[in-house]
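> pasted the sequence and its predicted model underneath.
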Amino acid sequence: MSTTPFDRHRRLRSSSVMRRFVRETELQVNDLVYPLFVVEGDQIKNEVSSMPGVYQVSLDYLDEEIDELLKLGIPSVLLFGIPKEKDEVGSGAYDPDGIVQVAIRQIKAKTDQLLVIADTCLCEYTSHGHCGVIEHGDVDNDKSLPLHVKTAVTQAEAGADIIAPSNMMDGFVTEIREGLDEEGYTNIPIMSYAVKYASAFYGPFRDAADSTPQFGDRKTYQMDPSNRLEAIREATSDMAEGADFLIVKPALSYMDIIREVKNEFPVPVVAYNVSGEYSMVKAASLNGWVDEQAIVLEKLTAMKRAGADIIITYFAKDVAKWLQEK
Ligand code: PBG
């Protein structure tokens, strides 16, 4: 036996109860948001080919989805709509009887135990697939803002508990806050997609939401993955404009950014575990190459350790089940 003193780190790992006793980060069902794709039409329950286990559902299947979330104790759902018709200006997004607005009313008529977060964007509703109106081949910031405001207000009117703008136009928090306040929705929080990178990890989502840009890409409005300070600038603006939550998206390749945002800003930080991150794990686990449960719990716990208070994830139902079993 060595007489040189050294640290005995293994003392605190000696048994499962000891490890449980000193554990710093714990994933909970209350941390989870489940994204849900509602599609216009009847009797539709389409599995998204690039996202096994994720479905587009029509309103007649919505109640059973909600029942399942309630049973699992998941506190929140993030709604995306897929309309039948699209046009140049994304009219379906701000139609008071649009697919998301009707879905919100249906959920709210059923339960008050589920927070309904409305994704506020036009890309699922525009024929060109971009997140605003096009002028001279690019998304026009200031012409798009009023449409995002109308979208948010109709979502709040329908009963949304939280507005989550993902369009990445400059000034969207200011404009949406003003629009909501003018209509009396001063108590509806804004969960801003403040830090949203132009990421290849959104590919499967664009299949699910049918929102692939028909020309070009989103690099003039979403952020360059190489940048860190730009994330701080974006989040600083959104805080000044009145954001109540800050989203960092994607999550896994941006853990450093999650930590910085958590350290800098005194609001709940939300990590979006995006579609590509889901599909990669699913593909590997369906092949038997990784242990799905272990991998998912490890990476979501790591997001919390990095600073996320809330996690938006397509794995939410699985995680809730695994946590119940534990
Ligand atoms: C809409 C929006 C996107 C995602 C969330 N909201 C797609 C995009 O910006 O192309 C991506 C979510 C995911 O990949 O899971 N703007």
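Sure, I can see it.

> near the ligand, which residues of the stretch 201-326 of the chain are found?
Neighbours of the ligand within the stretch 201-326 of the chain, by Cβ under 6 Å from any ligand atom: Tyr202, Phe205, Arg206, Ser211, Val274, Ser275. For every residue, glycine as well, the C-beta is placed using N, CA and C.

> hang on, the second one in a helix?
Yes - under the criterion used here (DSSP: H, G, I helix; E, B strand; the rest coil), Phe205 sits inside a helix.

> mind picking the two most distant members of the residues of the stretch 201-326 of the chain next to the ligand?
Greatest spatial distance in these: Ser211 and Val274, 13.3 Å, computed using Cβ to Cβ.

> which one of these two has more residues nearby?
Taking neighbours as other Cβ atoms under 10 Å, Ser211 and Val274 compare with Val274 leading, 25 against 21.

> excluding sequence neighbours, find me the nearest residue to the more buried one.
Nearest residue to Val274, sequence neighbours excluded (Cβ to Cβ, 6 or more residues apart in numbering): Pro250, at 4.3 Å.

> how about the contacts made by that neighbour?
By Cβ atoms under 8 Å, 6 or more residues apart in numbering, the contact set of Pro250 is Tyr197, Ser199, Phe201, Tyr202, Tyr272, Asn273, Val274, Gly276, Glu277.

> hmm, back to that, where do the contact lists of Ser211 and Val274 overlap?
In contact with both Ser211 and Val274: Phe205, using Cβ under 8 Å, 6+ apart.

> and for the lowest-mean-pLDDT helix or strand in the chain, what's in contact with it?
One helix or strand of the chain scores below all others by mean pLDDT, DSSP states H and E: helix 203-209, with a mean of 91. Here helix 203-209 makes contact (Cβ under 8 Å, 6+ apart) with 37, 48-51, 54, 56, 80, 82, 123-124, 129, 211-212, 274-276, 278-279.

> mind listing what's buried in the lengthiest helix in the chain?
Longest helix in the chain, counting residues (DSSP state H): helix 141-158. Across helix 141-158, burial judged by 16 or more other Cβ atoms under 10 Å covers 141, 144-145, 147-156, 158.

> cool, stretch 55-75 as well?
Within stretch 55-75, the residues that count as buried by 16+ other Cβ under 10 Å are 55-59, 61-62, 65-66, 69, 72, 74-75.

> narrow the residues you listed to those in strands?
Tyr55, Gln56, Val57 (DSSP state E).

> once you drop chain neighbours, what's closest to Val281?
Excluding its sequence neighbours, the residue lying closest to Val281 (Cβ to Cβ, 6+ apart) is Ile295, at 5.7 Å.

> give the helix, strand or coil label for the one you found.
Once three-state DSSP is applied, Ile295 turns out helix.

> what sits against it?
Val281, Ala284, Ser285.

> quick check: which element contains the last one?
For Ser285, the enclosing helix or strand under DSSP states H and E is helix 275-286.

> for that helix, what is the average pLDDT?
If you average the pLDDT over helix 275-286, you get 98.

> chain center to that helix: distance?
Chain-centre distance of helix 275-286: 17 Å, with Cα atoms, centre = their mean, to the nearest Å.

> now do it: which elements does it pack against?
The contact analysis (3 or more Cβ pairs under 8 Å, 6 or more residues apart in numbering; DSSP states H and E) places helix 275-286 against helix 203-209, helix 292-306.

> in the least confident helix or strand of the chain, what's buried?
By 16+ other Cβ under 10 Å, the buried positions in helix 203-209 come out as Pro204, Phe205, Arg206, Asp207, Ala208, Ala209.

> for Val248, helix, strand, or coil?
Val248 - assigned by three-state DSSP - is strand.

> Val274 is in contact with that one, correct?
No - at 10.7 Å, Val248 and Val274 do not qualify as touching, with contact defined as Cβ atoms under 8 Å.

> tell me which stretches of this protein form strands.
Under DSSP E, the chain gives strands at 32-39, 45-47, 55-57, 76-82, 115-120, 134-135, 138-139, 162-165, 191-196, 245-249, 269-273, 310-313.

> kindly reformat these as a markdown table containing distance to Val22.
Shown next, in a markdown table, are the strands of the chain (distance: least, Cβ to Cβ, whole Å):
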| stretch | distance to Val22 |
| --- | --- |
| strand 32-39 | 24 |
| strand 45-47 | 42 |
| strand 55-57 | 40 |
| strand 76-82 | 30 |
| strand 115-120 | 32 |
| strand 134-135 | 55 |
| strand 138-139 | 49 |
| strand 162-165 | 35 |
| strand 191-196 | 32 |
| strand 245-249 | 28 |
| strand 269-273 | 24 |
| strand 310-313 | 23 |
